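> just need the structure, nothing else, for what follows:
(one chain, ligands or ions: 2)
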Amino acid sequence: MKIAILGNGGREHTIADLISKSPKVNKLYCLPGNAGTEFIAENIKIDINDFTKLEDFVEKFKIDLVIVGPEKPLVNGVVDFLIKKGIRVFGPNKLSSQLEGSKIFTKKICEKYKIPTARFGIFHSVQDANKYLEKVNKPVVVKADGLAAGKGVYICEDTENSKKAVNEIFNGKFGAAHQVLIEEFLEGEEMSYFVISDGKTFKKFNTAQDHKRVGEGDKGKNTGGMGAYSPSGLINKELDFKITEKIIKPTFNAIKDMGQTYMGFLYVGLMIKDNNPYLVEYNVRMGDPECQTILPLLKTDLLELILSCCEENLENQKIEWKRKKSMCIVLCSKGYPDRYKKNIEITNLEKITNNQNTFIYHAGTESVDNKIYATGGRVLNFVNISEDLKKSRQTIIEEIEKLNWTNGFYRKDIGFRIIDK
Ligand code: AMP
Ligand code: GLY
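Ligands and ions are numbered 1, 2, ... in the order given. Presented below is the predicted three-dimensional model:
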């Protein structure tokens with residue numbers, strides 16, 4: 001088969017790595033890919049949000065299957081577009097992708113289907129929002145409705161800051177806004193829960209814990225994710241059952257009630273309190289860096305799994321996992337998530353261990369004339385699999401120190417809630 005993977009992050013390098021090992025693959029393309037995917041696939045530089053160019057590529061290169069990594073093309077309807085052209089594609093359609101594309105869409109489903117989530121209000125003007133903010137308990141969470149690359153969420157300790165957030169959102173910081181979402185602040189511990197669905201059946205696709213804040217001790221600004229481990233230490237049978245019954249099933253039923261089905265990965269972002277799950281957000285794709293920690297634990301052939309979804313045959317497909325744990329620590333460019341320097345060379349990569357249990361996945365990297373440069377905020381994902389997360393973390397830190405990339409920084413405390421308690 002000829003397969004194309006859309007995206008250029010650590011998530012996509014991970015997916016490409018597993019797909020490239022499947023016996024069914026003759027040729028793998030990454031659009032646009034990164035310096036890491038170049039070792040296992042052919043990178044094609046095209047804008048994946050330009051669907052006409054994408055269609056031209058898929059037809060010219062006779063692609064049998066497109067796998068979509070990031071949310072933006074999904075929310076813009078790449079799946080509907082390709083399917084209409086008769087092209088096989090793995091990922092949710094445009095309507096289903098509203099689960100990530102519009103926080104208000106998801107909240108309305110939660111309300112209608114009684115899905116546990118933070119209490120909320122939707123406001124259509126600065127005035128109405130401010131009136132509410134005067135009287136509501138703090139902290140309070142103010143959210144822009146649409147995609148905002150992880151930046152449209154403000155956790156506000158006081159009224160003044162919450163009003164500032166509302167102003168920024170209505171002033172168009174995240175695109176034209178006609179409404180704002182204001183939520184109660186949920187206490188608890190976060191967990192990322194994944195499922196894979198063919199539209200008829202869904203199956204659990206493991207759990208992970210992400211560290212979204214830039215600083216150690218989970219302090220500072222939100223990022224795309226500084227590191228993760230899998231499985232989450234919070235999961236247990238009873239919680240699993242509650243998540244499935246109270247959150248995932250009603251959500252898929254809601255999509256069905258709208259006359260459509262959900263096919264692809266679904267990332268269920270949860271807050272867990274007293275072993276009860278509350279939905280924080282949906283993402284219509286694998287997480288990044290959760291993907292880098294979850295996929296290396298998968299024993300089942302990923303391509304077979306994806307094909308079973310395309311053929312609505314997931315029910316008969318087993319999903320098997322290694323009985324191990326895994327961790328990923330992200331090496332970032334200094335300054336991230338704010339401004340950082342680009343096009344800084346990364347040397348010493350040949351010193352990094354590359355075996356079954358210790359390896360790296362690239363994120364914001366590009367290769368030019370056989371040299372590798374950092375082009376993004378999150379640059380390299382260091383992964384280790386073992387029986388013991390503390391050992392994994394130690395191994396990864398040694399690897400990062402071997403690289404000795406002076407333009408980079410990383411968190412040394414990934415997994416602290418479970419390792420250091
Ligand atoms: P979201 O993009 O909605 O997932 O929000 C980004 C991050 O903000 C989440 O991963 C949480 O850490 C935090 N967050 C969002 N909503 C809430 C909430 N209602 N209560 C507490 N924390 C929240
Ligand atoms: N790690 C968070 C995300 O993928 O959205």
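> and the pLDDT at the nearest residue to D218 once chain neighbours are set aside?
In space, and not counting its chain neighbours, D218 is closest to H211: 6.2 Å by C-beta to C-beta, 6 or more residues apart in numbering. Just so you know, the C-beta spots here come from the backbone N, C-alpha and C atoms, and that holds for glycine as well. For H211, the model assigns a pLDDT of 95.
> show me the contacts for H211.
Listed by C-beta atoms under 8 Å, 6 or more residues apart in numbering, the contact set of H211 reads 218, 225-228, 411, 414.
> measure stretch 307-317 end to end?
10 Å (C-alpha to C-alpha, to the nearest Å).
> show me which residues of it are buried.
307-310, 314, 317 (16 or more other C-beta atoms under 10 Å).
> how about residues contacting it?
The contact list for stretch 307-317, computed with C-beta under 8 Å, 6+ apart, reads 24, 65, 88-90, 196-203, 263-264, 300, 304-305.
> minimum distance to ligand 2, which residue of the stretch 1-150 of the chain gives it?
Using C-beta to the nearest ligand atom, the single residue of the stretch 1-150 of the chain nearest to ligand 2 is G150, 6.2 Å away.
> in this structure that residue contacts K221, no?
No. Judged on C-beta atoms under 8 Å, G150 makes no contact with K221 at a distance of 9.9 Å.
> check what pLDDT the residue nearest to R88 when sequence neighbours are not counted gets.
Counting by C-beta to C-beta, 6+ apart, L65 is the residue found nearest to R88 once chain neighbours are left out, at 4.9 Å. Each residue has a pLDDT score; the one for L65 is 98.
> report the contact partners of L65.
So L65 contacts 1-4, 88-90, 306-307, 310 (C-beta under 8 Å, 6+ apart).
> now the buried members of the residues you listed.
3-4, 88-90, 306-307, 310.
> okay, now the unreliable bits of the stretch 51-200 of the chain?
Counting by pLDDT under 70, the stretch 51-200 of the chain contains no low-confidence range.
> swap in 80 and give it another go.
Residue ranges of the stretch 51-200 of the chain with pLDDT under 80: 149-151.
> what does it put close to ligand 1?
Proximity of the stretch 51-200 of the chain to ligand 1 (C-beta under 6 Å from any ligand atom) is limited to residues 118, 141, 153, 155, 183, 185-186, 190.
> one more time with 5 Å
With C-beta under 5 Å from any ligand atom as the criterion, the stretch 51-200 of the chain meets ligand 1 at residues 118, 141, 153, 183, 185-186.
> quick one: contacts of stretch 29-47?
2-9, 12-13, 16-17, 20, 27-28, 48, 53-54, 57, 61, 63, 360-367, 372-373.
> avg pLDDT for that stretch?
On average, stretch 29-47 scores 97.
> okay, now it: how far is its last residue from its first?
14 Å.
> how far off centre is it?
With C-alpha atoms, centre = their mean, to the nearest Å as the basis, stretch 29-47 stands 19 Å off its chain's centre.
> mind listing what's buried in it?
29-38, 40-41, 43.
> and stretch 235-250, by the same measure?
Neighbour-count burial for stretch 235-250 [16+ other C-beta under 10 Å]: 235, 239, 242-244, 246-248, 250.
> would JSON lines of these with pLDDT, secondary structure and distance to I272 be doable?
Below are these laid out as JSON lines (pLDDT from 0 to 100; DSSP: H, G, I helix; E, B strand; the rest coil; distance: C-beta to C-beta, whole Å):
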{"residue": "I235", "pLDDT": "96", "secondary structure": "coil", "distance to I272": "9"}
{"residue": "L239", "pLDDT": "98", "secondary structure": "helix", "distance to I272": "7"}
{"residue": "K242", "pLDDT": "98", "secondary structure": "helix", "distance to I272": "10"}
{"residue": "I243", "pLDDT": "98", "secondary structure": "helix", "distance to I272": "9"}
{"residue": "T244", "pLDDT": "98", "secondary structure": "helix", "distance to I272": "14"}
{"residue": "K246", "pLDDT": "98", "secondary structure": "helix", "distance to I272": "13"}
{"residue": "I247", "pLDDT": "98", "secondary structure": "helix", "distance to I272": "12"}
{"residue": "I248", "pLDDT": "98", "secondary structure": "helix", "distance to I272": "15"}
{"residue": "P250", "pLDDT": "98", "secondary structure": "helix", "distance to I272": "18"}
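> just the helices in this structure please.
10-20, 51-60, 71-75, 78-84, 94-101, 103-112, 126-135, 159-170, 237-242, 249-257, 290-294, 302-310, 389-403, 416-419 (DSSP state H).
> most packed of those?
helix 290-294 (a mean of 30; mean count of other C-beta atoms under 10 Å).
> just checking, what packs against it?
For helix 290-294, the packing partners by 3 or more C-beta pairs under 8 Å, 6 or more residues apart in numbering; DSSP states H and E come out as helix 10-20, strand 189-198, strand 202-210, strand 227-230, strand 325-333, strand 378-386.
> 7 Å instead?
For helix 290-294, the packing partners by 3 or more C-beta pairs under 7 Å, 6 or more residues apart in numbering; DSSP states H and E come out as helix 10-20, strand 202-210, strand 227-230, strand 325-333, strand 378-386.
> quick one: work out the angle between the longest one and helix 302-310.
Same thing as helix 10-20. Relative orientation of helix 10-20 and helix 302-310, computed by axes from the mean of the first three to the mean of the last three C-alpha atoms, to 10 degrees: 100 degrees.
> what's the closest of the contacts of L65 to ligand 1?
Using C-beta to the nearest ligand atom, those come closest to ligand 1 at F90, 23.4 Å.
> partner residues bridging the closest one?
Under DSSP bridges, the beta-bridge partners of F90 are I67.
> dump the residue contacts of the residue of the stretch 1-150 of the chain closest to ligand 2.
222, 224 (C-beta atoms under 7 Å, 6 or more residues apart in numbering).
> one more: V79?
68, 89, 91-94.
> re earlier: of the helices and strands packed on helix 290-294, which is nearest ligand 2?
That would be strand 202-210 among the helices and strands packed on helix 290-294, by C-beta to the nearest ligand atom, at 4.4 Å.
> is the closest one anywhere near ligand 1?
No. Using C-beta under 5 Å from any ligand atom, no contact is recorded between strand 202-210 and ligand 1, whose separation bottoms out at 7.7 Å.
> which elements pack onto that strand?
Strand 202-210 packs on strand 189-198, strand 227-230, helix 290-294, going by 3+ C-beta pairs under 7 Å, 6+ apart.
> any idea which of those is most buried?
When those are scored by mean count of other C-beta under 10 Å, the highest mean neighbour count falls to helix 290-294 (a mean of 30).
> just give me how far it sits from the chain centre.
9 Å.
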